[in-house]
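1. coordinates only, no sequence provided:
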């Protein structure tokens, strides 16, 4: 037998044997099932959502540029919470990371108060995570203490003080960690028929009045606005246009929590605008708090009209609005919180971004 024939026989017998081929096929299947089950599940989940939207007639498929609902490889890509009379739905969307946070404190014990908050992080998720946890907790403690002491607290002053205090705490931590992240905050507190809304940044709150008209309860802090632009210039800073107006060519909002590199010279400040509304007078059916992932593609009135037709849904229309914003082409994380003033329920479910 020649050497070539011997080698050929060895290959046929040992390398391409039936047992080895079957073993290789089994290992390939095992690898695919272990390492690709999540992408397959996410694909099926997206397909289901697409089918739901098509049946509901909520978008025109000819306008959809990207058929993928989410582009992250992370395990969590959508979050939802429903407590009392409020519901949130949030998706990571086309961003590589989820930097939005939200919180609902419904009917805080002994205080007759409810707190709703949306926080949109930038430059990382640390700031939004820190503020969502710390600010809400501090406000709850103040409200509970006031109730136990039978003392009256000035809500607007309390929110102002706590927001600035939390910003100071955040700056100390981020400076020591060299973390440049920052966050918006739009916070609504309902107590004794009064709605108080505080805003820092470009997340936004909108009421629907009894006539179905959109009533803004916050105003975006953008660098190009006259008052903001003048303050920045007086502090020795500048704004420049790069797609949008930015403080020092960096930040697309003039107020935020965190962002320590821009805080040293007060180019960016954390002072909130605070507005108060009488719910009895306005008789609003609902209120929307949302990050700019929604407002980039929806006007105030469009969002109000959209929710008005879907307030009966399990998430009071928040889920449908988020998905529609995505299919309109929103490039950001999208978080929508809807407060249904017509309904009061106990907590049903709660799922938040990883902590």
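-> On my side now, so go ahead. On a predicted model such as this, the values are computed, not experimentally measured, just so you know. Numbers count the residues shown, from 1 in each chain.
2. next up, the contacts around residue 246.
-> 223, 239-240, 252 (CB atoms under 8 Å, 6 or more residues apart in numbering). For the C-beta atoms, the positions are set from N, CA and C on the backbone; glycine is no exception.
3. so what's residue 134 closest to, chain neighbours aside?
-> Nearest residue to residue 134, sequence neighbours excluded (CB to CB, 6 or more residues apart in numbering): residue 166, at 5.2 Å.
4. mind listing what the one you found touches?
-> 130-131, 134-135, 138, 257.
5. from those, which two are the most distant?
-> Maximum pairwise distance among the contacts of residue 166 (CB to CB): 13.0 Å, between 138 and 257.
6. quick check on those two: which one has the bigger neighbour count.
-> Ranked by neighbour count (other CB atoms under 10 Å), residue 138 and residue 257 place residue 257 first, with 31 against 17.
7. if the more buried one is in a bridge, with which residues?
-> residue 183 (DSSP bridges).
8. would you map the helices across the stretch 151-300 of the chain?
-> 155-177, 226-234, 260-263, 279-282, 292-295, 300-308 (DSSP state H, counting those that start in this stretch).
9. and those helices as a markdown table, adding mean pLDDT and distance to residue 144?
-> Converted to a markdown table, those look like this (pLDDT from 0 to 100; distance: least, CB to CB, whole Å):
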| stretch | mean pLDDT | distance to residue 144 |
| --- | --- | --- |
| helix 155-177 | 97 | 12 |
| helix 226-234 | 96 | 35 |
| helix 260-263 | 94 | 31 |
| helix 279-282 | 88 | 22 |
| helix 292-295 | 97 | 32 |
| helix 300-308 | 98 | 32 |
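10. returning to what we had before: most neighbours out of the contacts of residue 246, which is it?
-> residue 223 (25 neighbours).
11. what's the pLDDT at that one?
-> pLDDT for residue 223: 96.
12. how is the chain carved up into domains?
-> As assigned by automatic domain parsing, the chain contains the domains 3-35, 70-221+256-351.
13. nearest to residue 234, of those?
-> domain 70-221+256-351 (9.0 Å).
14. so which of the contacts of residue 166 sit within strands?
-> Secondary structure assignment by DSSP state E places residue 257 of these in strands.
15. and which of the contacts of residue 166 is nearest to residue 286?
-> residue 135 (23.6 Å).
16. could you find the closest non-adjacent residue to the closest one?
-> residue 166 (4.7 Å).
17. next: residue 126.
-> The nearest residue in space to residue 126 (CB to CB, 6+ apart) is residue 181, at 4.8 Å.
18. tell me who's in contact with the residue lying closest to residue 184 once chain neighbours are set aside.
-> Distances taken as CB to CB, 6+ apart put residue 201 closest to residue 184, at 2.8 Å, once the chain neighbours are dropped. Counting by CB under 8 Å, 6+ apart, residue 201 touches 120, 183-186, 220-221, 253, 255-257.
19. what's the pLDDT at residue 127?
-> 98.
20. these two touch, right, it and residue 183?
-> Yes - at 4.2 Å, residue 127 counts as touching residue 183 under the criterion of CB atoms under 8 Å.
21. overlap in contacts, those two.
-> What both residue 127 and residue 183 touch, as defined by CB under 8 Å, 6+ apart, is the set 121, 257-258.
22. let's have the residues you listed in TSV, adding pLDDT and distance to residue 323.
-> Shown next, in TSV, are the shared contacts of residue 127 and residue 183 (pLDDT from 0 to 100; distance: CB to CB, whole Å):
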residue	pLDDT	distance to residue 323
121	97	22
257	98	29
258	97	29
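23. now these as CSV including distance to residue 157?
-> As requested, these are exported to CSV (distance: CB to CB, whole Å):
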residue, distance to residue 157
121, 26
257, 18
258, 23
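24. which one of those is nearest to residue 313?
-> residue 121 (27.5 Å).
25. for that closest one, give the beta-bridge partners.
-> residue 183.
26. so who does it touch?
-> Taking CB under 8 Å, 6+ apart as the test, what residue 121 contacts is 99-101, 127-129, 181-183.
27. coming back round to it: tell me the most buried of the domains of the chain?
-> domain 70-221+256-351 (a mean of 20; mean count of other CB atoms under 10 Å).
28. I'd like to know how far residue 83 sits from residue 183.
-> 22 Å (CB to CB, to the nearest Å).
29. flag the shaky bits of the stretch 201-350 of the chain, pLDDT-wise.
-> Within the stretch 201-350 of the chain, the stretches with pLDDT under 70 are 344-350.
30. follow-up on the earlier one: and the residue nearest to residue 135, how far from residue 126?
-> 13 Å.
31. residues touching the residue nearest to residue 175 when sequence neighbours are not counted, list them.
-> Closest residue to residue 175 apart from its sequence neighbours, by CB to CB, 6+ apart: residue 260 at 5.2 Å. Neighbouring residues of residue 260 by CB under 8 Å, 6+ apart: 171, 174-175, 180.
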